[in-house]
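Colleague: Got a predicted model here, sequence first, then my questions.
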Amino acid sequence: MGVSRAVVLFTRDLRAHDHPALAAARAEQTEVVQLFVLDERLLRIGTRRTAYLHGRLDALREAIGLQVVEGDPVEAVARFAPDTVHVSADVSAYARRRAQQLAGRPSYRVFTPYWHVWRAMPLPAPVESGPKLPVPDASLSTHLHLGAVSPAELARAADEELLRNLCWRDFFAQLLAADPALEWRDLHPGRRTWNEDPEAFAAWKEGRTGVDYVDAAMRQLLAEGFIPSRPRMIAASYLTKQLGVDWRLGAAHFMEHLTDGDVATNSGNWQWVAGTGTDTRPNRQFNPERQAATHDADESYRRRWLPERFEPQPEALFE
Ligand SMILES: Cc1cc2nc3c(=O)[nH]c(=O)nc-3n(C[C@H](O)[C@H](O)[C@H](O)COP(=O)(O)OP(=O)(O)OC[C@H]3O[C@@H](n4cnc5c(N)ncnc54)[C@H](O)[C@@H]3O)c2cc1C
């Protein structure tokens, strides 16, 4: 009897535990090749994300013998002459299972009905597939982006607020899966016209608009590749609604610098904020000062990123 061989092609599921494709291959095949193919498109992603990716690949190489090769994924897989190939979807297996369960319906363009259907579905059961590797120090969203953390595992332990956030992630994933052009094309074309204002855009990118909450967020992005949810939304809203700059420019800047940069989530949120996407109140405007007073009441976030605006300057002491 011949030996059956499976290739498990790792993509954005860079973990060994709770990994349905790996578990399925191990259950069915005698020999399992665990493979990651670095192709050129991946090497073009933001520098911070590339560093995280290489760290993760090293950890998996050591822990489970992941083979990492460069080249074209189809050719690389073919070289192993496998009997079967197991691949998780580009969006997580968890999101894909849900998307499959939701299949047969058109994609959802409004969050609340999607949330009701999503919430009513059972969470997937854990699967045995390998050891749980430690993750480096990074935000929750960065680990999710490359699948180092299992979204299903996270969901099983989540409170209602986190579940809702995870559902937003799947919501934007199903939207992009249904129409990949939404990465750059308006979901609702014609709702907005944009200003050409390179100076305003440059000031926004560098954190010198003069609006503290926005500038703090943009400086954190350049320094750390991360912005928490609320200031991220306010910085994006300020660019599109107050400055009238095209959301695509802001989205590209975020993708260049965010460690958790994720096409579906990033473009989906930018469109939501800009009013071209899934917000049912596309003309809503956030007042950055009022938002800061509510969400950064002790000023700690703004003080951290704009110390010169909050601490007395030496000259000022002698005036
Ligand atoms: C303009 C804009 C761009 C964004 N771009 C990205 C991006 O490229 N990658 C990314 O992961 N998140 C993005 N977000 C969503 C959100 O800001 C980050 O997920 C969040 O700041 C990460 O913080 P956390 O890890 O503490 O997640 P928590 O707030 O604890 O949420 C847990 C997880 O839920 C998901 N989530 C939370 N909020 C959202 C949301 N609004 N939409 C979709 N999923 C959500 C994320 O996977 C997140 O890691 C963006 C939001 C805005 C307004």
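Modeller: Noted; the coordinates are in hand.

Colleague: Confirm Val68 sits in a strand?
Modeller: Yes - counting by DSSP: H, G, I helix; E, B strand; the rest coil, Val68 is found in a strand.

Colleague: hang on, it packs against Arg56?
Modeller: No - in this structure Val68 lies outside contact range of Arg56 using Cβ atoms under 8 Å: 10.5 Å. Every residue, glycine included, has its C-beta placed from N, CA and C.

Colleague: So for those two, which residue has more residues nearby?
Modeller: Arg56 (22 against 15; other Cβ atoms under 10 Å).

Colleague: Spell out which parts of this protein neighbour the ligand.
Modeller: 139-141, 144-145, 162, 165-166, 168-169, 172, 228-229, 232-233, 236, 254, 258, 260-262, 265-266, 269-270, 273 (Cβ under 6 Å from any ligand atom).

Colleague: from these, which would you call buried?
Modeller: 139, 141, 144-145, 166, 168-169, 172, 232-233, 236, 254, 258, 260-262, 265-266, 269-270, 273 (16 or more other Cβ atoms under 10 Å).

Colleague: Could you tell me which of those residues are located in strands?
Modeller: Residues of those located in strands (DSSP state E): none.

Colleague: Now for the closest residue to Pro228 other than its chain neighbours, how many residues are close by?
Modeller: Sequence neighbours aside, Tyr301 is the residue nearest to Pro228 in space, at 7.9 Å (criterion: Cβ to Cβ, 6 or more residues apart in numbering). For Tyr301, the neighbour count with other Cβ under 10 Å is 21.

Colleague: got a list of contacts for the helix or strand hosting Tyr301?
Modeller: Tyr301 is part of helix 300-305 when elements are defined by DSSP states H and E. Residues from elsewhere that reach helix 300-305 (Cβ atoms under 8 Å, 6 or more residues apart in numbering): 207, 212-213, 215-217, 219-220, 223, 228, 231, 292, 296, 309-311.

Colleague: thought Trp270 was touching Ser237?
Modeller: No - contact criterion Cβ under 8 Å: Trp270 and Ser237 do not qualify, at 9.9 Å.

Colleague: Now do the SS call for His86.
Modeller: strand.

Colleague: What's opposite it in the beta bridge?
Modeller: Val8 (DSSP bridges).

Colleague: Please look at it and Arg26 and confirm they touch.
Modeller: No - using Cβ under 8 Å, His86 is not in contact with Arg26, being 9.6 Å away.

Colleague: between those two, who's got more neighbours?
Modeller: His86 (22 against 18).
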